[in-house]
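A.B. asks: Need the 3D shape of this:
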Amino acid sequence: MDRERRGRLRCLLAGAGRRCLLAGAVFAVCMAGTTLPTPLYGLYQEKFGFSELTVTVVYAVYAFGVIGVLLLAGNASDTVGRRPVLLWGLGLAAASAVCFLSATGLGPLYAGRLLSGFSAGLCTGAATAYVMDLAPPGDAARATLVATAANMGGLGCGPLLAGVLAQYTDRPLYLPFAVHLVLIAGSAAVLARLPETVTDRGPVGAVRPQRPGLPPQVRTVFGPAAAASFAGFALFGVFTSVSPAFLARSLDVTDHAVSGLVVALAFFASIAGQTAVGRIGVARSLPLGCAVLLAGLTLLAGALRWDLLALVVLSAVVGGAGQGMTFRGALSAVAAASPPEQRAAVISTLFVVAYTGISVPVIGVGVLVGPLGLEGAGLVFIACMAVLVSLAAAYLLRRPVPAKG
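C.D. replies: Residues are numbered from 1 along each chain as shown. Coordinates of the predicted model:
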C-alpha cells in the first residue's frame with residue numbers, strides 16, 4: 001500500500017513538473033514576439049526609408065507599453081486568474097504580429113511594438129506567478145529557474161528565429177510573424193489544458209492600478225540596485241535596437257542570422273548570470289555583477305572603436321552575464337528588504353526603472369547618431385552607463401546588501 005501511495009505521489013509530482021514546464025513554454029513564446037523584429041529593422045529601413053532615430057523610437061515604444069501595463073494592471077492575474085491574463089497577453093501578441101504582417105508604413109510598426117509591450121507587461125507577472133503556482137511542492141528554486149529561462153530564453157529565441165528565417169527564406173518580413181502566430185495558437189491550446197491556480201477570483205472591474213511604492217527601509221538598497229538594473233537593461237536596449245545596424249554598416253555583416261545570433265547570445269548569457277546568483281549569493285552578486293557589466297561595456301567600446309566582430313560577440317556574452325547577475329541580485333535584494341505587504345509595489349517600481357533603462361537611453365543614442373555617427377553615439381552611451389555602474393558598485397562595496405534573499 002505504501003509503495004502504491006509513493007507511486008501515485010511520484011506521478012503527481014511528475015505531472016506538476018510537466019505543467020510547470022508547459023507554462024514556461026507559453027511564457028517563452030509570448031516573450032519571443034517582443035524581440036522578433038530585432039534583426040529586421042534594417043529591412044524596414046530600406047523598405048520605408050526612415051532614420052536610425054526612428055528605429056530607436058519604434059523599439060522604445062515597446063518599453064512604454066510594458067511600463068503602462070505594469071502600473072495599471074501588473075497585478076491583474078491575482079484578481080481575475082492566471083489563465084485569462086495570459087490569454088489576453090497571447091491575444092495582444094497575435095495582434096502585434098498581424099500589425100507587422102500588414103505593415104505598409106511606420107504606423108503599423110508603432111502599433112505592433114506598443115501591442116507587444118502590452119503583451120509582455122501582462123505576461124511577465126502572470127506567467128512568472130503561474131510557473132511558481134504549478135511547480136511541485138518544495139521545488140520553488142527550480143520553478144524560479146524555469147521562469148527565468150523562459151523569460152530570457154524567449155527574448156533570445158525571438159531574434160534568432162527571425163534572423164534565420166529572414167536570411168534563408170524569401171519572405172523575411174512575413175514568415176517570422178506567421179510562424180509566431182502558429183506558436184501563439186499552439187500556446188493557447190496548451191494553456192486551455194492547464195489548470196487555473198487562483199481560486200478566489202474577482203471580476204475585471206476589481207483590478208486596480210498598482211502604484212509604485214518605496215518604503216524607507218528599502219531606499220538604501222534600492223538606489224544602487226536600481227542603478228545597476230537600469231544600466232543592464234540599457235545595454236540590452238542598445239544591443240537589440242542598433243547592433244544589427246552596426247554589424248551591417250561597420251563590419252559588413254549583412255547575414256541576418258548572424259545579427260540575430262549576436263543579440264540572442266546576450267539574453268542566453270543573462271540566464272547563465274542569473275543562475276550563478278544562487279551559488280554566489282545576493283550580497284556578492286550585485287557588486288560582482290556590476291564589475292562584469294562594466295567589462296561588457298568596455299568590450300563593446302572596443303568593438304565600436306576598432307570594428308571587431310569578436311569583441312561584439314564577447315561584449316554580448318559578458319554584458320549579458322553581468323545584466324543577469326545584477327538584475328536577479330537586485331530583485332532578490334529589494335524583495336528581501338521590503339515589508340511583505342508592500343513587496344509587489346516595490347518590485348513593480350524596480351521593473352519600471354529597468355524598462356525605463358531599456359527605452360530612454362536607446363532614444364538618446366538615436367538622437368546622437370545624427371551629429372556623432374553610430375560609433376560616437378555608442379561611445380557616449382557606454383561612458384554614461386560605465387559611470388552609473390561604477391558608482392553603484394562603489395556604493396555596494398561600501399554598504400553591501402544583507403546576505404538574505
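
A.B. asks: which helices and strands does the longest helix along the chain pack with?
C.D. replies: Counting by DSSP state H, the longest helix found in the chain is helix 360-398. Counting contacts by 3 or more C-beta pairs under 8 Å, 6 or more residues apart in numbering; DSSP states H and E, helix 360-398 packs against helix 52-73, helix 219-250, helix 282-306. All C-beta spots, glycine's among them, are computed from the backbone N, C-alpha and C.

A.B. asks: and residue 120, which of those is closest to it?
C.D. replies: helix 52-73 (5.2 Å; C-beta to C-beta).

A.B. asks: Quick check, residue 201 in contact with residue 78.
C.D. replies: No: in this structure, residue 201 is not within contact of residue 78 by C-beta atoms under 8 Å, at 9.2 Å.

A.B. asks: Of these two, which one has the most company?
C.D. replies: residue 78 (20 against 14; other C-beta atoms under 10 Å).

A.B. asks: secondary structure element for the more buried one?
C.D. replies: Secondary-structure assignment from DSSP states H and E places residue 78 in helix 76-80.

A.B. asks: what sits up against that helix?
C.D. replies: Under the criterion C-beta atoms under 8 Å, 6 or more residues apart in numbering, residues 84-86, 122, 125-126, 129-130, 198, 201-204, 206-207 lie in contact with helix 76-80.

A.B. asks: 10 Å instead?
C.D. replies: 69, 73, 82-86, 88-89, 121-123, 125-130, 133, 197-198, 200-208, 210, 344 (C-beta atoms under 10 Å, 6 or more residues apart in numbering).

A.B. asks: confidence score at residue 9?
C.D. replies: Residue 9 carries a pLDDT score of 37 in this model.

A.B. asks: Next: the one 4 residues further on.
C.D. replies: Among the per-residue scores, residue 13 shows a pLDDT of 42.

A.B. asks: Then the one 4 residues further on?
C.D. replies: Turning to residue 17, the model gives it a pLDDT of 79.

A.B. asks: ok, the residue nearest to it when sequence neighbours are not counted - how many residues close by?
C.D. replies: Nearest residue to residue 17 in three dimensions, chain neighbours excluded: residue 136, at 5.6 Å (C-beta to C-beta, 6 or more residues apart in numbering). For residue 136, the count of nearby residues is 17 (other C-beta under 10 Å).

A.B. asks: Just say helix, strand or coil for residue 136.
C.D. replies: coil (DSSP: H, G, I helix; E, B strand; the rest coil).

A.B. asks: separation between it and residue 146?
C.D. replies: Residue 136 sits 11 Å away from residue 146, going by C-beta to C-beta, to the nearest Å.

A.B. asks: Can you check which residues contact both of the two?
C.D. replies: By C-beta under 10 Å, 6+ apart, residue 136 and residue 146 have these common neighbours: 17, 20.

A.B. asks: before we move on, the earlier item: can you tell me the average pLDDT over the helix holding residue 78?
C.D. replies: pLDDT averaged over helix 76-80 gives 86.

A.B. asks: Which helix or strand lies directly C-terminal to it?
C.D. replies: Next helix or strand after helix 76-80 toward the C-terminus (DSSP H and E): helix 82-101.

A.B. asks: Next up, the contacts around the nearest residue to residue 295 once chain neighbours are set aside.
C.D. replies: Distances taken as C-beta to C-beta, 6+ apart put residue 318 closest to residue 295, at 5.2 Å, once the chain neighbours are dropped. Shown in contact with residue 318 (C-beta under 10 Å, 6+ apart): 266, 269, 273, 292-300, 311.
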